[in-house]
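> Curious how this folds, go ahead:
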Amino acid sequence: MSWFLLIVAGLFEVAWASSLKSTQGFTRLGPTLFFLTTLTLSMVLLAIALRTIPTGTGYAVWTGIGAVGTVIVGICFFHEPATPVRLGCLALILLGIIGLKLGSH
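Sure, this is the predicted structure:
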């Protein structure tokens, strides 16, 4: 269950990180409330998951999910470049996440 919560926390991290620019420096109420809600949910779920997952592993997986997911959102919705180098680097991050999961007991 902790790994599931960690993945959901990572997905909420993608949501808040992807929405941060739309707050325009926290001057727009709707996007700011969305940002704060998803940030809070992400942190709470991360904290719960870290009750049983080693902190270093959990934090690295959480940030990895957030980083990869945010880049994918940027490519799909904000027309950021999808160069072979960027995609290769994303693949390396994913391999690191998988390795941390497999190496965690």
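> For the residue nearest the centre of the chain, which non-adjacent residue is closest in space?
Against the mean C-alpha coordinate of the chain, by C-alpha atoms, centre = their mean, the closest residue is G66 at 1.6 Å. Once flanking residues are discounted, G66 sits nearest to E13: 3.5 Å by C-beta to C-beta, 6 or more residues apart in numbering. Where C-beta positions appear, they are placed from N, C-alpha and C, glycine not excepted.
> With A67 as the reference, measure out to that neighbour.
To A67, E13 is 9 Å away according to C-beta to C-beta, to the nearest Å.
> more neighbours, those two?
Between E13 and A67, counting by other C-beta atoms under 10 Å, E13 is the more crowded of the two (25 against 19).
> so the more buried one is in which element?
helix 2-19 (DSSP states H and E).
> Tally up the residues packed near L39, please.
17.
> Look up how far V14 lies from it.
11 Å.
> Which of the three states applies to the residue sitting furthest away from the middle of the chain?
Within the chain, the residue lying farthest from the chain centre (C-alpha atoms, centre = their mean) is T27, at 23.5 Å. Following DSSP: H, G, I helix; E, B strand; the rest coil, the label given to T27 is coil.
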